[in-house]
Every structure is written in structure tokens, then in C-alpha cells.
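> Here is a sequence with its predicted model. Questions after.
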Amino acid sequence: MIRAEHICKSFEGRTVLDDISVTFDTGKTNLIIGRSGSGKTVLLKCLVGLHAVDSGEIYYDDICYTALGFKERKAVRKNIGMIFQGGALLDSSTVAENVRLPLDLFTEQSEAEKRERVEFCLHRVRLENADDLYPSELSGGMIKRVAIARAIVLNPRYLFCDEPNSGLDPQTSIVIDNLIHEITEEYNITTIINTHDMNSVMEIGEKIVYIHEGRKWWEGTKEEILHADNRELNDFVFASAMAKRAKRAI
Amino acid sequence: MVTKLFAQIGQYFILMGKVFSRPEKLSIYRRRIIYEMEALGFNSIGLTAIISVFIGAVITLQMSINLESPFIPKYIIGYATRETMILEFSSTVVALILAGKVGSSIASEIGTMRITEQIDALEIMGVNSASYLILPKIVATVLFFPFLTILSILIGIFGGWLIAVFTGIMIPDDYVTGLLYDFRLYSIIYTLIKTCFFAFIITSVSAYFGYYAKGNSLEVGKASTRAVVASSIVIMIFNLILTQILLT
């Protein structure tokens, strides 16, 4: 479980996050949704510690993450996996090298054990025979799969995904969404996904938090979102003509 | 502007503090140092060799044109070529050239990693990204650039000999006599010390500009240019300081 309490963050006097308090549940796919520029990515980066918060606290289970020093945070970070918008694979390393990097750095496993673990993770994301390829040789969907494999290689307890579907076609998006959802359930991970893709919301969203202009505007389930009485949220959820027609049908 | 300069210098030293903090795992660093030696050092041999052979030849040619006097022995041309190559060209000028080649490569590589969130990915894994990315480059260049300097001296001197042989501006034996005249080992030590400093400057300054790059690919290009300019200026300043300390 990850809990944020009264998070505030501003850049050069411009408030980006304003008093956000939210709890993300273990074993569930928690979605942060909102328009571009609403503060979703900043919230995610504050949660993982890439941005320091101006005020407020973040708890990983019972550990107050914001109160930890650099060294103590390292211990928590070993339990965090993150999938970035563009994949963020190391360009100079092959697929296998990218996935095994955390093993090389933080475990004392033998070569055979590492190879086996890398193979397992790549198999888990249904990506085989790609070990020796470089990121520049991969498609967008394959990059996301490698990023997922790298994120889960150390069996993380917390998984963060920043717009995992960006740049992917709808079919591949659903495959990636389902993969993240399966992994979350299988390993009982606290997963937080940052997205503005309504397909993802309806496909895998178990807990949804809507951020609007840096504030938490609404939270609930995917069933509740369709009937929410909140104008800004409805404008976002039913933005397309097709969705508006669907809303009228509901 | 002065405030910004001091802020940057402070930020640079903070970054160096992170770079030289305890590495995660030495075996990983060993592998990366070897990789960087190839990428930053070995791959610069060709450029260094081509420039050195031509500069050596040009120095010899210019010396022979300008020292045309019955009172100046011909072997002085060989001596002057050797001293120029050892004292200044093979360390300082080669460092300036490598600041362009290696420095821009480091700044753009790390800058691209920054804007594509690869550095953030390392940080999330709990890796000290500054140390992981920059330390192997610094170690690799500080260890390898002295070899480039020695190579540059030898090839430059060889270039001078070639021009003496093929143009007939002087007797090659005179050139060799000049090369052996009043040789002091300390000159080599001086130039190698300078090279180590310059290698550190090129790598760390360029890495600094790349590491703090923000925005898009345009900004990476600008960071790369700033890295080359700043490295070149710092090299010239340290050239003066080190010469004052080591040769006077």
C-alpha cells in the first residue's frame, strides 16, 4: 500500500500539485487519470522520489518515504519497478543486458541464475528471441515489454507505470495493460498507472484517481466513473463523440 | 551572470561528489571502464594519428623555412619539432581536439539519457546514476589519454622525419640528431601530468553539461556545444596553471 498525505509541489512559483491525499491499494491496478498537464506525471515522480515534495508525506506501507535519507531510500527503491513513457531502456545495452542490469548491481546470483531469471522475465512478458537486440531495433510494444521485464526482474513490491500505452496502437495497448494487470495480481504488487487512455481505465482500472489542475478531483472504481456526478470528470471521460453517444445510451 | 557561473561551479562539485561516492559493484565498473576505454580512447587513435602526423610535418616545414640561417644548425629543426610536440601539441592541442570529439560525444550521450528518462530509470533502480555513468568514463580517459599523447608525440616526430626525407629540406640524419639533442625525461612527465588533468576536465565538464541537460534534443545539442566550449576554456586555464607550477 502506498499513501500520499497532503502532497504539494510547485515549480518556480507555479503550483502543480495542491494538497493531494490518496491511498493506493496493494494487489490492485490503481490508475491516476487526468488531462495532459494536470500534474499526473509530477505526482508519480513525487511518489517514487524523483521529485522532492514541497510539503506532505508519502508512506510505503508503514515507512515514511519522504522522511528517509538517500541511503535508506535506496533500500526502498530496490522494491520499486518503474515503466517509463518511452521505455527508458539503456540504448547502449541489449535487451538481455537491460533486463539483467538490476541483477548485476544488486544481487550475488551466479551467471546461470541471472540468465535463467532474465529468460523467465522475458518469457513472462511474451518476448523471446530478442535477447541480443538493441532498443533501436525494437518496436514500441517490444520496448514496453522489455521495460516491464526489467521492472519485475527483482520482484518489486511496488510498480509504477507512466503512460505505458503512449505511442501504441489500441490492440497492443490492451496487451500491455493486461500484462501489467496480470503481473499485479500474480505477485500482489501495488501498481500505480498514470494514463489518459480511457480504454485502459475500462480494461484494468480497479481504483481510479482523477487529477484536475493539480488537485484530486475524484476517486472511485471503473463502474462508478461512468455514473459520476462530476462535470470535469465527465468532460474528460466522455470527451469523444463516440463516448458521448455511449453516455447517452447509459 | 557571475552568480550563475558560481552556481554552475557549485553544481559541478556536487556532481563530482556523487561521482566519486562508493560504487555499487566494482565488477560492473570494471566492465564499463573497458567499454569506455574502447569508445572514448581506442576510437580516438585514428584522429589523433592523422592530426599528429600532419602537424609534425608542418612544424618541421615551418621551422626549416623560418630558421634559414648559416648561424643556426639544421639539427635545431628536429629539436624544435620534438619539443613542440612534447611540450604543447601532443598534450594541449590534442586535448582541445578530443574536447571536441570525446567531449561532445559524452555530453550528447548523457544528455540524451537524461531527456529520455534513462537516468531516472537508473535512479529508480537505486543506482547512483552519476557514479555509474560518469566514473567509468573519467577512469577510462585518465588511463587511456596518456597513451594517445605518447602516440601523438611519436607520430608527430615521424611526420617531421617524413617531410625531411621526401622534400629534402634537410638531411634526415640532422633531424634525428636534433631529436636526440638535450632530451629531458621530465618533459614527458610534465606532458603526461597535463594530459591526465585534461582528460579529467574533458570528461567531467562534458558529463556535467549532459547530466543537467533539460528539455528536448535541441537542448542536448546546446549542452554539447556548451560542454566543448567550457572544456576548452578550462583546459587553457589549467594549461597555464600547470605550466607555471611544473616548469618554473
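Sure thing, it's come through.

> residues touching the residue positioned nearest the centre of chain B, list them.
Closest residue to the average C-alpha location of chain B: B:Ala95 at 2.7 Å, with C-alpha atoms, centre = their mean. Neighbour list for B:Ala95: B:Phe145, B:Lys194, B:Thr195, B:Phe198, B:Ala199, B:Ile201, B:Ile202, B:Ile235 [criterion: C-beta atoms under 8 Å, 6 or more residues apart in numbering or on different chains]. (Each C-beta comes from the backbone N, C-alpha and C, glycine too.)

> out of these, who has the most neighbours?
Neighbour counts for the contacts of B:Ala95, by other C-beta atoms under 10 Å in any protein chain shown, peak at B:Ile202, which reaches 31 neighbours.

> need the helices for chain B, in chain order.
B:2-19, B:26-36, B:45-66, B:75-84, B:94-98, B:104-115, B:118-124, B:129-167, B:172-180, B:185-211, B:217-247 (DSSP state H).

> same thing with chain A?
Going by DSSP H, chain A shows helices at A:40-48, A:70-77, A:95-106, A:111-124, A:140-152, A:170-187, A:198-204, A:222-225, A:231-237, A:241-249.

> from the chain's centre, how far out does the fourth one sit?
Put simply, helix A:111-124 sits 23 Å off its chain's centre (C-alpha atoms, centre = their mean, to the nearest Å).

> ok, now which ones touch the closest residue to A:Ile193 other than its chain neighbours?
Sequence neighbours aside, A:Cys161 is the residue nearest to A:Ile193 in space, at 4.4 Å (criterion: C-beta to C-beta, 6 or more residues apart in numbering or on different chains). Residues near A:Cys161 by C-beta under 8 Å, 6+ apart: A:Met82, A:Ile83, A:Ile180, A:Thr191, A:Ile192, A:Ile193, A:Asn194, A:Thr195.

> Dump those residues to CSV, plus distance to B:Asp182, neighbour count and pLDDT.
As requested, those are exported to CSV (distance: C-beta to C-beta, whole Å; neighbours: other C-beta atoms under 10 Å in any protein chain shown; pLDDT from 0 to 100):
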residue, distance to B:Asp182, neighbour count, pLDDT
A:Met82, 63, 26, 91
A:Ile83, 66, 29, 91
A:Ile180, 73, 26, 90
A:Thr191, 74, 28, 94
A:Ile192, 72, 25, 94
A:Ile193, 73, 29, 92
A:Asn194, 70, 26, 91
A:Thr195, 74, 24, 89
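
> Pick the one among these closest to chain B.
Taking C-beta to the nearest C-beta as the measure, chain B lies nearest A:Met82 of these, at 4.5 Å.

> Pretty sure the closest one sits against A:Glu163.
No: contact criterion C-beta atoms under 8 Å: A:Met82 and A:Glu163 do not qualify, at 11.9 Å.

> So which residue is smack in the middle of chain A?
By C-alpha atoms, centre = their mean, the most central residue of chain A is A:Cys161, 1.7 Å off.

> Who is that one paired with across the strands?
Taking DSSP bridges, one finds A:Ile83, A:Ile193 as the beta-bridge partners of A:Cys161.

> What distance do you get for it to A:Glu116?
26 Å (C-beta to C-beta, to the nearest Å).

> and what of A:Gly49?
From A:Gly49 to A:Glu116 the distance is 31 Å (C-beta to C-beta).

> neighbour-wise, which of the two wins?
Between A:Gly49 and A:Glu116, counted using other C-beta under 10 Å, A:Gly49 has the larger neighbour count: 20 against 12.

> got the residues of chain A near chain B?
Residues of chain A that fall close to chain B, judged by C-beta under 8 Å from any C-beta of the partner chain: A:45, A:48, A:50, A:73-75, A:77-78, A:80-82, A:84-86, A:88-91, A:101-102, A:104-106, A:160.

> Of those, grab the buried ones for PyMOL.
Selecting the buried subset of those in PyMOL, with 16 or more other C-beta atoms under 10 Å in any protein chain shown as the burial test, is done by:
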select buried, chain A and resi 45+48+50+73+74+77+78+80+81+82+84+85+86+88+89+90+101+102+105+106+160
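
> Correct me if wrong: A:His6 contacts A:Leu17.
No: using C-beta under 8 Å, A:His6 is not in contact with A:Leu17; the gap is 10.0 Å.

> between the two, who's got more neighbours?
A:Leu17 (26 against 12).

> Excluding sequence neighbours, find me the nearest residue to the more buried one.
A:Leu17 sits nearest to A:Lys9 (C-beta to C-beta, 6+ apart), 4.1 Å away.

> Pretty sure B:Ala223 sits against B:Phe209.
Yes: between B:Ala223 and B:Phe209 there is a contact under C-beta under 8 Å: 4.5 Å.

> what is in contact with the two at once?
B:Ala107, B:Gly111.

> pull the helix or strand with minimum mean pLDDT from chain A.
Counting by mean pLDDT, DSSP states H and E, chain A has its least confident helix or strand at helix A:241-249, which shows a mean of 66.

> Just list the residues touching the nearest residue to A:Met198 once chain neighbours are set aside, thanks.
On the basis of C-beta to C-beta, 6+ apart, the spatially nearest residue to A:Met198 that is not a chain neighbour turns out to be A:Val237, at 6.3 Å. For A:Val237, the contact set (C-beta under 8 Å, 6+ apart) comprises A:Met198, A:Val201, A:Ile225, A:Leu226, A:Ala228, A:Ala243.

> and the least confident of the residues you listed?
The member of these with the lowest pLDDT is A:Ala243, at 64.

> Among the contacts of A:Val237, which one is most surrounded by other residues?
A:Ile225 leads these on contacts (other C-beta under 10 Å) with 23 neighbours.

> didn't it look like it was pressed against A:Phe236?
No: distance between A:Ile225 and A:Phe236: 9.6 Å, which falls outside the contact criterion (C-beta under 8 Å).

> Quickly list what's touching both of those two.
Common neighbours of A:Ile225 and A:Phe236 (C-beta under 8 Å, 6+ apart) are A:Tyr210.

> A:Val175: neighbour count?
Applying other C-beta under 10 Å, I find that A:Val175 has 18 neighbouring residues.

> now it, nearest residue through space, not along the chain?
A:Gly141 (7.1 Å).

> Same question for B:Asn216.
B:Ile115 (6.4 Å).

> what residues are up against the closest residue to B:Glu123 other than its chain neighbours?
Nearest residue to B:Glu123, sequence neighbours excluded (C-beta to C-beta, 6+ apart): B:Ser129, at 5.3 Å. Neighbouring residues of B:Ser129 by C-beta under 8 Å, 6+ apart: B:Ile119, B:Leu122, B:Glu123.

> Pull the contacting residues for the first one.
In this structure, B:Ile119 makes contact with B:Ile110, B:Met113, B:Ser129, B:Leu133, B:Tyr211, judged by C-beta under 8 Å, 6+ apart.

> Before I go, just wanted to say thanks for your time.
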